[in-house]
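**Student:** I'd like to go over a predicted model; first the sequence, then the structure.
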Amino acid sequence: MYATPQDNERIGHLTQGLDRVGLTDAQSCLVLPIDICDTIFEFAPKPTLLACSCVSRAWREAARPHLFRALKILRDGPGSYDDFLQFLDENADIARYIRDLTLGYAAPPYPETSKNFVPVDTRPVVRRRFLVTLVEKLPRLEELRLSGILLDGPDPSHTAVTLPLATSTSEGARCTAPAIADGSKLGSFRLKWFLIVDCRSVGSNACYIPTLVDILSAVPADTVQMRDVYISFSLRHSLGQIKSIPEGQLDVCALFMDANPFRAERQIRYLYDALRRAFAPRCLRRLRLDYMDRTSNSGLRSLGEIIRRAGGDALRDLELPFVIDGPVGLSEDTQEHWSVLHLDECRNLEALKISLRLDKHGPVPRVPYSAVCNAILAHISPTLRRLTITLLLVYGDEQIGCSQTVCLGALDDVLEGRFPGLEVVQLEMQARGILKVTQWRFV
């Protein structure tokens, strides 16, 4: 991390008093208070921190927490990170400084531009027990990233493992996670952020659901984010994979999955069913999943089961994982159609995001999209404080003001009458890669 102009100005204010008393650079090193050094080191880049740690013993102790705060360990071939565990054993004083850790794969320069062409067997491997041991050695770890590596876990054909369900607290904010079949205990340790990017199962170009859940549950985290994780959807093993997942094993406060518009209906349903089984009851506070086809009744029911089981009263922030566009179905503008989402059970929901796609070459919908939004909002708790509506493929103002397609003015009465505590209604308009945010104005 490099210092910004604002950081440099702040550092200047902290040290300008040294010039007034006529101290030389060497003398100023001896009298500069450690708390000021600590503030300066907080914004200094790594090379500067390394140089400052060689000035004196006091500066070394002040610089080390910032120098080792964030580490990135990359492997350029197959193997494991067990030698890193050995390093932590031999340098326990450094381990207590690490708060941000990345374990990744340094892909060699291939002729192909896409990293997907890198052979799978050349990537390093991470196993569940390694992660459990790792966090035991890093008592102050807050953020963990796994990037481009292989995950070793249960085989997709494993039989089911029966474990007791986790029980939630009265507010649903925390759950007591059960012990895992291999004897690893989750304990009370929790990361703030757990990010998995482009990871696959050993021996596969995709990631098996049991493997993914096994890895995620090894290190409980408040927020889990997954990017470019291609889930395996073998027809032969799909049902067995779901049954092999211990129920209530995954205790997560927030789950973010980057939108992947290329998943088929069967894949989305399978993924949602697996997540529903894995989540501990009423643990989720924020939820954003892959995009799905809203016309899939089975997909909506699977999504509703996740919202009901893992969210419920605990859910505060929800982004609906589908886009309202094209022809509107015969029942999509009715409240009954959306009852399968179980939004009524989210009695403490505070933030909601709905996406609309405006296709200027598409057919005129049977009813305006606002009618579908009103049918969804009829299930939302009056506790809603923030509503975000995203308009995709906006080419001109005439699309937004079209009464046959959007008709956003029809939302005014519903928003004012149903949500007395509503504080912010925000429009996000995306056109040709540009995002514009506008605050709502009630008529």
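**Tutor:** Sure, I can see it. Just so it is clear, the model here is predicted, and its values are computed rather than measured.
**Student:** only C-alpha atoms for contact and neighbour calcs from this point on.
**Tutor:** Fine.
**Student:** Centroid-nearest residue for this structure?
**Tutor:** With distances taken as CA atoms, centre = their mean, Gln225 lies nearest the centre of the chain, 2.6 Å away.
**Student:** For it, which three-state class applies?
**Tutor:** Here Gln225 is strand, with the state taken from DSSP: H, G, I helix; E, B strand; the rest coil.
**Student:** show me what contacts it?
**Tutor:** By CA atoms under 8 Å, 6 or more residues apart in numbering, the residues touching Gln225 are 193-196, 255-258.
**Student:** do Tyr105 as well
**Tutor:** Tyr105 makes contact with 74-77, 123-124, 147-149 under the criterion CA under 8 Å, 6+ apart.
**Student:** hmm, 10 Å instead?
**Tutor:** Residues near Tyr105 by CA atoms under 10 Å, 6 or more residues apart in numbering: 73-78, 122-125, 146-150, 199.
**Student:** which of the contacts of Gln225 tops the neighbour count?
**Tutor:** Using other CA atoms under 10 Å as the neighbour test, the contacts of Gln225 are led by Ile196, with 24 neighbours.
**Student:** mind listing what it touches?
**Tutor:** Here Ile196 is in contact with 102-103, 144-149, 212, 215-216, 224-229, 257 (CA under 10 Å, 6+ apart).
**Student:** Check Arg140 too.
**Tutor:** Counted by CA under 10 Å, 6+ apart, Arg140 has contacts 69, 95-100, 189-191.
**Student:** quick one: low-confidence parts of the stretch 51-200 of the chain?
**Tutor:** 108-120, 154-188 (pLDDT under 70).
**Student:** how about the helices of it, start to end?
**Tutor:** If DSSP state H, counting those that start in this stretch is used as the criterion, the helices of the stretch 51-200 of the chain fall at 57-67, 82-90, 92-95, 128-137.
**Student:** which helices and strands does the second one pack with?
**Tutor:** In terms of contact count using 3 or more CA pairs under 10 Å, 6 or more residues apart in numbering; DSSP states H and E, helix 82-90 is assigned the packing partners helix 92-95, helix 128-137.
**Student:** Distance to Val328 for those helices - can I get that in JSON lines?
**Tutor:** Output for those, formatted as JSON lines (distance: least, CA to CA, whole Å):
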{"stretch": "helix 92-95", "distance to Val328": "56"}
{"stretch": "helix 128-137", "distance to Val328": "46"}
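**Student:** mind giving me CSV with those helices and columns for distance to Ala206 and mean neighbour count?
**Tutor:** Conversion of those to CSV gives the following (distance: least, CA to CA, whole Å; neighbours: other CA atoms under 10 Å):
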stretch, distance to Ala206, mean neighbour count
helix 92-95, 33, 16
helix 128-137, 18, 17
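**Student:** quick revisit: just the ones of the contacts of Ile196 in strands?
**Tutor:** 102-103, 144-147, 224-227, 257 (DSSP state E).
**Student:** Neighbour-wise, give me the winner out of those residues.
**Tutor:** For these, the largest neighbour count, defined by other CA under 10 Å, is 23 neighbours, found at Leu144.
**Student:** Tell me who's in contact with that one.
**Tutor:** For Leu144, the contact set (CA under 10 Å, 6+ apart) comprises 70, 99-103, 131, 135, 191-196, 219, 221, 224.
**Student:** how about the closest residue to Trp59 other than its chain neighbours, phi and psi?
**Tutor:** Leaving aside its sequence neighbours, Trp59 sits nearest to Ser53 (CA to CA, 6 or more residues apart in numbering; 5.5 Å). For Ser53, the backbone dihedrals (degrees, to the nearest 10) come out as phi -70, psi -10.
**Student:** Could you do Arg277 as well?
**Tutor:** Taking degrees, to the nearest 10, you get phi -70, psi -40 for the backbone angles of Arg277.
**Student:** What residues does it make contact with?
**Tutor:** Applying CA under 10 Å, 6+ apart, the residues near Arg277 are 242-250, 305-306, 309-310.
**Student:** how many other residues sit next to Ile215?
**Tutor:** Quick note: Ile215 (other CA under 10 Å) scores 24 neighbours.
**Student:** Leaving out sequence neighbours, find the closest residue to it.
**Tutor:** Closest to Ile215 by CA to CA, 6+ apart is Arg128, at 5.5 Å.
**Student:** Go ahead and confirm the one you found touches Asp214.
**Tutor:** Yes: assessed by CA atoms under 10 Å, Arg128 is found in contact with Asp214 at 6.9 Å.
**Student:** Wait, a helix at Phe340?
**Tutor:** I think there's a mix-up here, since residue 340 is Val and not Phe. Yes: counting by three-state DSSP, Val340 falls inside a helix.
**Student:** if I pick the nearest residue to Leu138 once chain neighbours are set aside, what's in contact with it?
**Tutor:** Leaving aside its chain neighbours, Leu138 sits nearest to Ala95 (5.5 Å; criterion: CA to CA, 6+ apart). Taking CA under 10 Å, 6+ apart, we find Ala95 in contact with 65, 68-69, 85, 87-89, 137-141.
**Student:** so who does the closest residue in space to Glu42 that isn't next to it in sequence touch?
**Tutor:** Leaving out its chain neighbours, the residue that sits closest to Glu42 by CA to CA, 6+ apart is His66, at 6.3 Å. For His66, the contacting residues are 38, 41-46, 49-50, 97-99, by CA under 10 Å, 6+ apart.
**Student:** Distance-wise, check His66 relative to Arg308.
**Tutor:** Counting by CA to CA, to the nearest Å, the gap from His66 to Arg308 is 43 Å.
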